[in-house]
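> This is a predicted model, with the sequence first.
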Amino acid sequence: MNKLIALIMGILFFCNSNAQFYVEPVIGYQRDLNKGSRLQQINSAINVSWKTGRTFELILQGQRCWPIAYRHSDAAFTTNPALPVSADAIKTISPSALSLLVGQRLKLAGRASNNSLFFTCYLGVSNQQIKVDYSYDKTNYTILNPDKTVKETGFYACGGIEYMRHFKTGRIFAQLLAGGFIHEDINYPNSFSFLVPFSFNVGYSVPISKNKHDKK
Amino acid sequence: MLVIQFPFQKISMIKNNNLLYALLFFFSSILVSCNHTEFYPDPYDTGLGIFSNTANNLMSGYIQNEPWRTRDRKTGGFLGTATYELYISRQITSGPSDNLVFTWYVNPTANNTLNGDISLVLVVPKVFGYKELSALKGQRLALDTLNGYFTFSSSQSNLGKGTGNIYFHDMQVDSIGPNNFTGRMSGLLDARLSGNLILSKGRFDHSITATQIQF
């Protein structure tokens, strides 16, 4: 699969000698779409974009999702008659991810203006870690249905809509994306699943060289 | 003639295949038993299952700091024998009270000293029934051998009464017919079994079928 993607990228890139390069720092916020989940992340990425035509761009993205710690109280119990039968166990869930993705922008509207609308999608490999920490009296109490830290690497895909505004010095864009692991699952009864992030990102395209495709 | 016969032959083959699959499924379901025990390792207590209330059909704990767990619950094999990890029975006595006995059956290991079954004996009134059993939900009992006790019995030894504590996080028993009950239970326990065996960090989580409970 990776070889196929590399091959397609290579063909598209080298067939078009007038390709325009951009470097794009991206920052955003994302939250989990799984039912009942309150997991959130700060999203940061660096894109290298090849504009191979007026309506199509290839993107190589390195992405890091930083955890926004979610604190929750679970119940812990004890058989020790000298202690209260139950106590709170403060649980902190920190979801993070590191991804290397290949994507594309396909222009949907705005060919003749400074404002463009794109369909954007990415496919690649992601490493997700959802770290769980508990704070409680571990000597005397036992947590009911404890969560545990999970870590997984797998194929990841996301897609959505992107708005882009063109300036003389570059391009600013905002995107709404939804994605997730293609087939990874957690083989443990955690209270959470791997994230299905819905993200809002903004970024700025810095042109590395200017040519005829960089009009709009 | 051949053109007419061919579809019938095909239909007949399909029917035969379906019949074959149905027979295979039937005989495999007779022969193969199902495991109804889920062992999820506790991330904080190595070797034990998690403390849960989701009918994992398991009890585990440390005996002398070594992991001890119940055998798997296996049912469904028509020709095989069903095994259960827990039985609950009421022992009628000639005294003023009866005994309610919970017995957890060991999953044997290489360590022979741990290969014993753990029983909890609660002293209950003569009028004790399934509704009173459900009333144990949320209760924590300190057993001093007068109101109840733990025992540990193996092929090598049959130890006497031990003290301990048990917390019933969940206990629900429903009547589904005359002397026929189902339910669920979960909780924690620790015990000082006689013979200097100490059970610590015990946790249990079971669905209870009519086979497992006898009043």
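On my side now, so go ahead.
> Low-confidence regions, chain A specifically.
A:1-18, A:210-216 (pLDDT under 70).
> Residues of it that sit close to chain B?
A:77-81, A:85, A:134, A:138, A:142-146, A:148-149, A:188-189 (CB under 8 Å from any CB of the partner chain). In this view, the C-beta of every residue, glycine as well, is placed from N, C-alpha and C.
> Just the buried ones among the residues you listed, please.
A:Phe77, A:Thr78, A:Thr79, A:Asn80, A:Val85, A:Tyr134, A:Thr142, A:Ile143, A:Leu144, A:Asn145, A:Pro146, A:Lys148 (16 or more other CB atoms under 10 Å in any protein chain shown).
> The residues you listed in strands, which ones?
Within those, residues falling in strands by DSSP state E are A:Phe77, A:Tyr134, A:Thr142, A:Ile143.
> contacting residues for B:Ile176?
B:Thr182, B:Ala210 (CB atoms under 8 Å, 6 or more residues apart in numbering or on different chains).
> Wasn't it part of a helix?
No: counting by DSSP: H, G, I helix; E, B strand; the rest coil, one finds B:Ile176 to be strand, located in no helix.
> Can you tell me how far it is from B:Tyr130?
Distance from B:Ile176 to B:Tyr130, counting by CB to CB, to the nearest Å: 10 Å.
> does B:Val101 have beta-bridge partners, and which?
Per DSSP bridges, the residues bridged to B:Val101 are B:Ser89, B:Val121.
> I am assuming it contacts B:Gln91, so please confirm or correct that.
Yes: here B:Val101 reaches B:Gln91: they are 5.9 Å apart, a contact under CB atoms under 8 Å.
> Show me which of these two is the more surrounded one.
Counted by other CB atoms under 10 Å in any protein chain shown, B:Val101 and B:Gln91 do not tie: B:Val101 has more neighbours, with 17 against 10.
> Reduced to three states, what does the closest residue to B:Ser60 other than its chain neighbours come out as?
Nearest residue to B:Ser60, sequence neighbours excluded (CB to CB, 6 or more residues apart in numbering or on different chains): B:Arg69, at 4.0 Å. Put simply, B:Arg69 is strand when judged by three-state DSSP.
> measure stretch B:56-68 end to end?
16 Å (CA to CA, to the nearest Å).
> ok, how many other residues are close to A:Ala109?
That count, for A:Ala109 with other CB under 10 Å as the rule, works out to 11.
> Run through the residues that contact it.
When contacts are counted by CB under 8 Å, 6+ apart, A:Ala109 touches A:Ser116, A:Leu117.
> swap the cut-off to 10 Å and go again
Residues counted as contacts of A:Ala109 (CB atoms under 10 Å, 6 or more residues apart in numbering or on different chains) are A:Asn115, A:Ser116, A:Leu117, A:Phe118, A:Tyr163.
> any idea which of these is closest to B:Leu19?
The shortest gap between B:Leu19 and any of the contacts of A:Ala109 belongs to A:Phe118, at 56.1 Å (CB to CB).
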